[in-house]
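S.K.: okay, structure incoming, though there's no sequence with it:
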């Protein structure tokens, strides 16, 4: 073959043996269906040919990348990641880097969008998977950067920005500054507004690579020019990227320039711009959380308000994720705050403190204590009125601070100045400085104003509720009064989606604010949410234990009878609500004495285990095992009475579904409960069920005896009974029973995997805050 493609590829073709003209176009006599078949089977062809033929196949692939049909070019691009991986793994690096990769790079300026997108994804894929060395990819991309700026098609220039954003993190600082930054400057002043509209996200991606110093020097001026653009679509793109850019700059720039940009965009003439900037106000404020580092990394028992009487002291670790947001970004509880679940069993997690070495929050957050004469204490005016205490919660480090330094300047009675200094020293420290600019706080509080909702967006109130926990975390309990009225207005909103968002995050808010504020301001709203629609109270029920953990023991007790009312929903078919409450009983058990667990939680769990929906039954069977373990550790007589109720209701039931549930309950208790208690009260009934008339019951018993309750687990005289029952099950008439009875114990096998109902995601429950839910297992 005499022809060559635009990249100078020459040689014989084995798959696509046709000539091309001077313009690189495919010949007209090559049928479309044939070329399409060849393109679809390229990867299979590469896998089948010998190593000596790979170079010829590579030349044919380069020809197909220039096919006049975009569908064929797209199919080739979809396979290029795997094709390049095959070439490099088979020692054909030269073909991959000299023939295939340059051809893929040239497709970045293809006239069809889908082809360009596929080429961009393949390049990022081969760089990320290290199929092609980064240095080789940089050399291949470098000649194309200058052509991006002058390319006539605006879609190509827009895709170039996306390509730079995707690859900047791999190419590093030097390449980004040398190649990407000049291209970005040109595209930020492009005559087509759609190109300029794609620049703010690219600026954020480059800022993540070059660091805050270069960002403030070179990228912020570009962003500022786009904020002042005369096209509202460009300004809207800036508003949507403002919170992400805030994470890449220093505190001073965030307080100064970016806050100014926010104010400018918040007063924009376009309603779309105002709506976009208020949508990111919560994440933007959350970016100031680094100022409060060390205050809420861990919550102490005193702040959580957990009493040791009748419960277990526990505290959760609170972290923040600024950029997390669901599909629509509105109307759902943001997973900005997460609490790490505790370990298995009954022990609740202990607070974890992760502070920088040498950091002392007491010295950092409070003004230095003045030095005073120790003798001046003798002349302090006893009639001085103490200052009025303010409603604030101590920080976690307040219990660990050292005493102020004292210096003795002389002997005898002190002077009047010394007395005044002593009085100042006795006064409580002033509240720390507001961690966010006043302008942002004013804008946030204005989001609940009905006039603002009409002028900005009808969903602005939902935006405010969505981001409220992040704002509260940044401000802290000492500044709660600044946003208290906003929270009360949101809690009284007529929109159920606003109330639902607050209900789903009220437990996180309680952990941030502490016991005192929770009892004063959050508890009344918590009671109202429990009486609200199912769509609202489901968020409260999902994290009921975490909220109650903040309250003292005497304030938790009244909520036990309410659990019976929560079982009744607006819709009897709302089985997900019942399953959710059944799971929550496990976490509630560690907060109450065993008398309350036996009186309130155990009857609830028994009712859920007999629910008409199997998913609710399966969840309640695990809960029953957990409650029995809790009762056994606290009171053996109560545990015996409870297990007898379980046996009577499920093991002796005429319904085979209940008997199967009893075996599942035995599975869970055998894994977390006391082995001797199990052998004494549950094993005899399991052995009876080994001869049940229903094969499904015998099947579960066979799996239980072969995987969990083995002879080694039982030990002693009962071991022979287990072996006899298992031997009988090996000869069962049902093949599935025989198979499970013959299985050998394995630590890597889940005994209930094949017989449990699927574990549905939290989306089935209807709560947005899925990152905060956990179970004991």
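M.R.: Right, received. Where do you want to start? Since we're looking at a predicted model, the values are computed, not measured.
S.K.: what about stretch 471-479, start to end distance?
M.R.: 10 Å (C-alpha to C-alpha, to the nearest Å).
S.K.: so residue 671 sits right up against residue 708, yeah?
M.R.: Yes - with contact defined as C-beta atoms under 8 Å, residue 671 counts as touching residue 708 (6.6 Å). Where you see a C-beta, it was placed from the backbone N, CA and C, and this is true even at glycine.
S.K.: which neighbours do the two share?
M.R.: Common contacts of residue 671 and residue 708 (C-beta atoms under 8 Å, 6 or more residues apart in numbering): none found.
S.K.: low-confidence stretches in the chain?
M.R.: Applying pLDDT under 70 to the chain picks out residues 1-31, 290-431, 569-572, 746-777.
S.K.: do you have the strands of it handy? List them.
M.R.: Ranges of strands in the chain, per DSSP state E, are 318-320, 337-339.
S.K.: list the buried residues in stretch 635-647.
M.R.: If you call a residue buried by 16 or more other C-beta atoms under 10 Å, then stretch 635-647 has these buried ones: 635, 638-640, 642-643, 646-647.
S.K.: which residues touch that stretch?
M.R.: Outside stretch 635-647, the residues touching it (C-beta under 8 Å, 6+ apart) are 594-595, 598, 602, 606, 624, 627-628, 631-632, 662, 665, 677, 681-682, 685.
S.K.: could you point out which of those residues is nearest to residue 98?
M.R.: residue 665 (65.7 Å; C-beta to C-beta).
S.K.: number of nearby residues for the spatially closest residue to the closest one that is not a sequence neighbour?
M.R.: In space, and not counting its chain neighbours, residue 665 is closest to residue 621: 4.6 Å by C-beta to C-beta, 6 or more residues apart in numbering. Neighbourhood size, residue 621 [other C-beta atoms under 10 Å]: 27.
S.K.: quick check: residue 621 vs residue 503, distance?
M.R.: Distance of residue 621 to residue 503, computed by C-beta to C-beta, to the nearest Å: 28 Å.
S.K.: cool, and residue 510?
M.R.: 12 Å.
S.K.: who's more crowded, these two?
M.R.: Each of residue 510 and residue 503 has its neighbours counted (other C-beta under 10 Å); residue 503 has more, 31 against 26.
S.K.: pull the contacting residues for the more buried one.
M.R.: When the contact criterion is C-beta under 8 Å, 6+ apart, the partners of residue 503 are 529, 532, 536-540.
S.K.: hmm, 7 Å instead?
M.R.: With contact taken as C-beta atoms under 7 Å, 6 or more residues apart in numbering, residue 503 is in contact with 529, 536-537, 539-540.
S.K.: looking at the residues you listed, which are in helices?
M.R.: Among the contacts of residue 503, the members falling in helices (DSSP state H) are 529, 536-537, 539-540.
S.K.: before we move on, the earlier item: hmm, which of the contacts of stretch 635-647 are the buried ones?
M.R.: Buried among the contacts of stretch 635-647 (16+ other C-beta under 10 Å): 594, 598, 602, 606, 624, 627-628, 631-632, 662, 665, 677, 681-682, 685.
S.K.: wait, residue 445 touches residue 486, no?
M.R.: Yes - under the contact definition of C-beta atoms under 7 Å, residue 445 touches residue 486, with a separation of 5.0 Å.
S.K.: the more surrounded of those two?
M.R.: Using other C-beta under 10 Å as the criterion, residue 445 and residue 486 rank with residue 486 on top: 20 against 17.
S.K.: list the contacts for the more buried one?
M.R.: Residue 486 is in contact with 445, 448, counting by C-beta under 7 Å, 6+ apart.
S.K.: and if we set it to 10 Å?
M.R.: Each residue near residue 486 by C-beta atoms under 10 Å, 6 or more residues apart in numbering is listed here: 441, 444-449, 464-465, 468, 471.
S.K.: equivalent analysis for residue 270, please.
M.R.: Applying C-beta under 10 Å, 6+ apart, the residues contacting residue 270 are 231-233, 235-236, 239, 276.
S.K.: please tell me how far residue 189 sits from residue 257.
M.R.: For residue 189, the distance to residue 257 - C-beta to C-beta - is 20 Å.
S.K.: between these two, which has more neighbouring residues?
M.R.: A direct count of neighbours by other C-beta under 10 Å for residue 189 and residue 257 places residue 257 higher, at 17 against 12.
S.K.: look up the closest residue to that one, ignoring the ones flanking it.
M.R.: residue 220 (6.3 Å).
S.K.: so what's the residue count around the one you found?
M.R.: 21.
S.K.: so it touches residue 246, yeah?
M.R.: No - judged on C-beta atoms under 10 Å, residue 220 makes no contact with residue 246 at a distance of 11.3 Å.
S.K.: hey, what's in contact with both of those two?
M.R.: If you check residue 220 and residue 246 against C-beta under 10 Å, 6+ apart, the residues they both contact are 253, 258, 261.
S.K.: what number of residues lie near the second one?
M.R.: Spelled out, that is residue 258. 23.
S.K.: gap between it and residue 465?
M.R.: When distance is defined by C-beta to C-beta, residue 258 is 24 Å away from residue 465.
S.K.: same thing with the last one?
M.R.: Relative to residue 465, residue 261 is positioned 25 Å away (C-beta to C-beta).
S.K.: what about these two, which has more around it?
M.R.: residue 465 (31 against 23).
S.K.: which residues touch residue 87?
M.R.: 46, 51, 54-55, 57-58, 61, 93-97, 99-101, 131-132.
S.K.: 7 Å instead, please
M.R.: Counting by C-beta under 7 Å, 6+ apart, residue 87 makes contact with 54, 95-96, 100.
S.K.: then residue 537?
M.R.: Contacts of residue 537 by C-beta under 7 Å, 6+ apart are 503, 529-530.
S.K.: now tabulate those in TSV and tack on distance to residue 656.
M.R.: Shown next, in TSV, are the contacts of residue 537 (distance: C-beta to C-beta, whole Å):
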residue	distance to residue 656
503	39
529	40
530	37
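S.K.: of those, which is the nearest to residue 731?
M.R.: Distances from residue 731 to those, taken by C-beta to C-beta, are shortest for residue 530, at 54.9 Å.
S.K.: and the closest one, how many neighbours?
M.R.: Around residue 530 there are 18 residues (other C-beta under 10 Å).
S.K.: give the contact list for it.
M.R.: Residues in contact with residue 530 (C-beta under 7 Å, 6+ apart) are 537, 540, 562.
S.K.: and the gap between the first one and residue 198?
M.R.: With distances defined as C-beta to C-beta, the gap from residue 537 to residue 198 amounts to 43 Å.
S.K.: just to revisit the earlier point, which of the contacts of residue 503 sits closest to residue 127?
M.R.: residue 539 (42.0 Å).
S.K.: could you check how far the residue nearest to the closest one when sequence neighbours are not counted is from residue 538?
M.R.: Nearest non-adjacent residue to residue 539, counting by C-beta to C-beta, 6+ apart: residue 504, 3.1 Å away. Relative to residue 538, residue 504 is positioned 8 Å away (C-beta to C-beta).
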